[in-house]
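Participant: Provided below for reference: sequence and predicted model.
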Amino acid sequence: MAEVKGLIMVNEYELLELFESEPKVLGDKKAGIYEYQKTCSHGFTFRLCLFLYDEYCSISLYHKDLKTPIFDLGFDKVTNIKCKDNRLIIDQTGNPKNIVVHFKPNYTLVFEDRI
């Protein structure tokens with residue numbers, strides 16, 4: 001019997017507010033693949049790609065003067081993505097820590113214990 005995959009729980013309005021723009025739909029809209037990105041005044045671009053039906057997301061940080069990303073990470077078994085206080089918080093099944101990206105004052109990636 002095939003495994004039924006769930007959806008990543010997201011609040012589209014929170015993501016819209018954090019990224020200050022609509023997501024780009026990658027491929028067919030029914031596929032549930034979206035890309036959000038935000039660029040700061042210092043030339044850094046943070047990108048979030050959501051694969052809702054695959055419970056997968058990737059995050060990347062680029063700088064306009066660099067040819068390769070500063071980081072480019074993918075996460076499986078993502079259950080929830082929240083936005084709070086200029087932070088993007090990614091929850092995963094089986095991971096005791098949250099993946100947190102602080103948007104201000106600079107893009108910062110940290111792994112924080114769940115509360």
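Facilitator: Arrived safely, thanks for sending.

Participant: okay, now the unreliable bits of this structure?
Facilitator: For the chain, the stretches flagged by pLDDT under 70 are 1-6, 115.

Participant: can you give me the helices in it?
Facilitator: Applying DSSP state H to the chain gives helices spanning 12-19.

Participant: burial of the nearest residue to L16 once chain neighbours are set aside, as a residue count?
Facilitator: Distances taken as CB to CB, 6 or more residues apart in numbering put E22 closest to L16, at 6.7 Å, once the chain neighbours are dropped. In this view, the C-beta of every residue, glycine as well, is placed from N, C-alpha and C. The tally of other residues near E22 (other CB atoms under 10 Å) stands at 11.

Participant: contacts only, for the residue nearest in space to the middle of the chain.
Facilitator: Geometric centre of the chain, nearest residue: L48, 3.7 Å, by CA atoms, centre = their mean. Contact analysis of L48 by CB atoms under 8 Å, 6 or more residues apart in numbering lists L15, F19, E35, Y36, Q37, C57, S58, I59, I81, L88.

Participant: please report how far it lies from I70.
Facilitator: To I70, L48 is 15 Å away according to CB to CB, to the nearest Å.

Participant: Y36 reaches E20, doesn't it?
Facilitator: No. Between Y36 and E20 there is no contact under CB atoms under 8 Å: 9.7 Å.

Participant: list the contacts of the residue nearest to E14 when sequence neighbours are not counted.
Facilitator: Spatially, and ignoring its direct neighbours in sequence, E14 is nearest to C83 (3.7 Å; CB to CB, 6+ apart). By CB under 8 Å, 6+ apart, the contact set of C83 is N11, E14, L15, E17, L18, I89.

Participant: buried ones among the residues you listed?
Facilitator: L15, L18, I89 (16 or more other CB atoms under 10 Å).

Participant: residues in contact with stretch 52-68?
Facilitator: With contact meaning CB under 8 Å, 6+ apart, stretch 52-68 is reached by 5-8, 10, 31-34, 43-51, 69-79, 81, 88, 90, 93, 99, 101, 107, 109.

Participant: can I get the CA coordinates of it in CSV?
Facilitator: What follows is stretch 52-68, C-alpha atoms only, in CSV (Å, rounded to 0.1, in the frame of the first residue of the first chain):
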residue,chain,number,x,y,z
LEU,A,52,3.9,21.1,0.1
TYR,A,53,2.9,17.6,-0.9
ASP,A,54,6.4,16.1,-0.4
GLU,A,55,6.8,17.6,3.1
TYR,A,56,10.1,19.1,1.9
CYS,A,57,11.5,22.6,1.8
SER,A,58,14.8,24.2,1.0
ILE,A,59,16.4,27.5,2.1
SER,A,60,19.2,29.3,0.5
LEU,A,61,21.1,32.5,1.0
TYR,A,62,22.8,34.3,-1.8
HIS,A,63,24.8,37.5,-2.2
LYS,A,64,24.9,39.5,-5.4
ASP,A,65,28.7,39.5,-5.5
LEU,A,66,29.1,35.7,-5.0
LYS,A,67,28.7,33.0,-7.7
THR,A,68,27.7,30.3,-5.2
